[in-house]
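*Asks:* Sequence first, then the predicted structure:
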Amino acid sequence: MKEMKFETKVIHVGGEPDPVTGAIMPPIFQTSTFVQSSPGEHKGYEYTRSHNPTRTRLETLLASLENAKHCLVTSSGLAASSLIMHMLPKGSKIICGDDVYGGTYRLFSKVFPDIHEYKFVDTTNLKKLEAAINEFKPALVWLETPTNPLLKISDIDSITAMAKKVNALTVVDNTFMSPFFQNPLDHGADIVIHSMTKFINGHSDVVGGAVMMNSQEIKDKLFFYQNAIGPCQSPFDSWLVIRGIKTLALRMKTHAANAMKVATYLEAHPKVERVIYPGLKSHPQYELGLKQMKGPGGMITFFLKGGIKESRTFLENVHLFALAESLGGVESLVDHPAIMTHASIPQKVREELGIFDNLIRLSVGIEDADDLIQDLETAFSKV
């Protein structure tokens, strides 16, 4: 059979009927341990922290979607990031994008700074980044593209080529795009990570992370640390993600279609200072986005005219857009990064990046777009 299309993979890869009963939905192996026929003789599974059949199905499915040979799933996105940091030799140098998820910034600046050395660089500025790579000689370059929350797009092909010249690995956090809209391994990345909490699961009921790669050596190192430290995902949560992924293609198409309508509405609104959305031609890296992404995604950042007072009024008067952290669920969410998701980044650093008190981040869900626009309009009328 020829290679399946994405929409078919999400249904069938890792979702084969149970070979014992024929159940079309494979059972959850909700067990902590597995019986051995003799000491050390088993059927591939010993203990669920190490391996579990339900988790294996999810890892097989995710690897196929990201065009990877290997995948490991973890208890959270930050657990996945931590495993990569543990994998690196002590004293490694890491170049990280300057605009990243607040939890990633906190992990690198507060948890690991005594173990590794970090430099934060604007990865959309290739000349500046190349100079930093040549001078710093990193072991790893960490990208988010598009970034959180400013939606900056970095050139994965060019950056991975730069990194390879100094034998550095490249990690791409692909959470905002999901494997449906972007596949960084196809552009030279060594490792792709996701917070499965977001678009991959898509139903705001699971916290999880995933790491995908083609290298057996990297996979073996990461698995050693996962097994040794223990941030594995539970069988039940793995099953829920398998269930959520089945609609990933349908959801991502709707997220993007709705976001395009909302972004177009916002760009024309008199109370909006500026809109950042990869699907708009006004986006600084619009052409690059067309080159390496199959669609613009469901995330929008915009700047309200005014400051914290106006932002609070707006945020207190949305109803369909739920004021909550996280993103990527079927329901629309609105977030104030300076106070919520990126509060762990010092104010001075936030403002240097452009994360001001009038910046609002939208995760556009799969509701009717006209209803979402009406909800925003009602909130604007209160400002």
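*Replies:* Looks like it arrived, so ask away. As the structure is a prediction and not an experimental result, all values here were calculated from the model.

*Asks:* Doesn't residue 226 lie inside a strand?
*Replies:* No. Counting by DSSP: H, G, I helix; E, B strand; the rest coil, residue 226 is not part of a strand but helix.

*Asks:* pLDDT at it, what is it?
*Replies:* If you check residue 226, the pLDDT there is 98.

*Asks:* Where do the strands of the stretch 101-250 of the chain begin and end?
*Replies:* Ranges of strands within the stretch 101-250 of the chain are 117-121, 140-144, 169-173, 191-195, 209-213, based on DSSP state E, counting those that start in this stretch.

*Asks:* quick one, longest helix in the chain?
*Replies:* helix 248-267 (DSSP state H).

*Asks:* and that helix, how far from the chain's centre?
*Replies:* 17 Å (Cα atoms, centre = their mean, to the nearest Å).

*Asks:* Over to stretch 363-379?
*Replies:* 23 Å.

*Asks:* Check stretch 212-231 too.
*Replies:* For stretch 212-231, the distance to the chain centre is 19 Å (Cα atoms, centre = their mean).

*Asks:* Pull out the buried residues from the lowest-mean-pLDDT helix or strand in the chain.
*Replies:* Least confident helix or strand, the chain: helix 347-353 with a mean of 82, by mean pLDDT, DSSP states H and E. By neighbour count with 16 or more other Cβ atoms under 10 Å, helix 347-353 contains the buried residues 350, 353. C-betas here are computed from N, CA, C, even on glycine.

*Asks:* Might you report the residue contacts of the residue nearest to the spatial centre of the chain?
*Replies:* The chain has residue 175 as the residue nearest its centroid, 1.5 Å off, counting by Cα atoms, centre = their mean. For residue 175, the contact set (Cβ atoms under 8 Å, 6 or more residues apart in numbering) comprises 77, 101, 144, 148, 193, 194, 195, 198, 199, 328.

*Asks:* Report the separation between residue 196 and residue 207.
*Replies:* Distance check for residue 196 against residue 207: by Cβ to Cβ, to the nearest Å, it reads 8 Å.

*Asks:* the more surrounded of those two?
*Replies:* Neighbours per residue (other Cβ atoms under 10 Å) separate residue 196 from residue 207, with residue 196 holding more: 31 against 18.

*Asks:* Now do the phi/psi pair for the more buried one.
*Replies:* The phi/psi pair for residue 196 (degrees, to the nearest 10) reads phi -70, psi -10.

*Asks:* list the contacts for it?
*Replies:* 73, 77, 206, 208, 209, 210, 241.

*Asks:* in the protein, which segments are predicted with low confidence?
*Replies:* 1 (pLDDT under 70).

*Asks:* Helices of that one, start to end?
*Replies:* So, for the chain - with DSSP H - the helices run 6-12, 53-65, 77-87, 102-106, 126-136, 156-165, 178-181, 216-229, 235-245, 248-267, 286-292, 308-315, 347-353, 369-382.

*Asks:* looking at these, which is closest to residue 336?
*Replies:* helix 308-315 (6.0 Å; Cβ to Cβ).

*Asks:* So which elements touch that closest one?
*Replies:* strand 299-304, strand 359-363, helix 369-382 (3 or more Cβ pairs under 8 Å, 6 or more residues apart in numbering; DSSP states H and E).

*Asks:* I would like the residues contacting the first one, please.
*Replies:* I take that to be strand 299-304. Contacts for strand 299-304 (Cβ under 8 Å, 6+ apart): 146, 148-151, 176, 259, 262-263, 266, 271-277, 310-311, 314, 327, 356, 358-364, 383.

*Asks:* Name only those of the residues you listed that count as buried.
*Replies:* 146, 148-151, 176, 259, 262-263, 266, 272, 275-277, 310-311, 314, 327, 356, 358-364.

*Asks:* related to what we said a few turns ago, can you redo the strands of the stretch 101-250 of the chain as JSON lines with mean neighbour count and distance to residue 51?
*Replies:* Shown next, in JSON lines, are the strands of the stretch 101-250 of the chain (neighbours: other Cβ atoms under 10 Å; distance: least, Cβ to Cβ, whole Å):
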{"stretch": "strand 117-121", "mean neighbour count": "17", "distance to residue 51": "33"}
{"stretch": "strand 140-144", "mean neighbour count": "26", "distance to residue 51": "27"}
{"stretch": "strand 169-173", "mean neighbour count": "26", "distance to residue 51": "24"}
{"stretch": "strand 191-195", "mean neighbour count": "28", "distance to residue 51": "20"}
{"stretch": "strand 209-213", "mean neighbour count": "28", "distance to residue 51": "16"}
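
*Asks:* now the ones you listed in TSV, with distance to residue 335?
*Replies:* Formatted as TSV, these follow (distance: least, Cβ to Cβ, whole Å):
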stretch	distance to residue 335
strand 117-121	22
strand 140-144	16
strand 169-173	17
strand 191-195	14
strand 209-213	20
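
*Asks:* Residue 24: which of the ones you listed is closest?
*Replies:* Going by Cβ to Cβ, the one of the strands of the stretch 101-250 of the chain nearest residue 24 is strand 209-213, 24.6 Å.

*Asks:* what are the pairing partners of that closest one, and which direction each?
*Replies:* Paired neighbours of strand 209-213 in the sheet (DSSP bridges): strand 70-74 (antiparallel), strand 191-195 (antiparallel).

*Asks:* I'd like these laid out as JSON lines, including distance to residue 129.
*Replies:* Shown next, in JSON lines, are those (distance: least, Cβ to Cβ, whole Å):
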{"stretch": "strand 70-74", "distance to residue 129": "28"}
{"stretch": "strand 191-195", "distance to residue 129": "18"}
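
*Asks:* ends of stretch 300-312, how far apart?
*Replies:* 18 Å (Cα to Cα, to the nearest Å).

*Asks:* What are the buried residues along that stretch?
*Replies:* Buried, per 16+ other Cβ under 10 Å, within stretch 300-312: 300, 301, 302, 303, 304, 306, 310, 311.

*Asks:* Fine, thanks again, bye for now.
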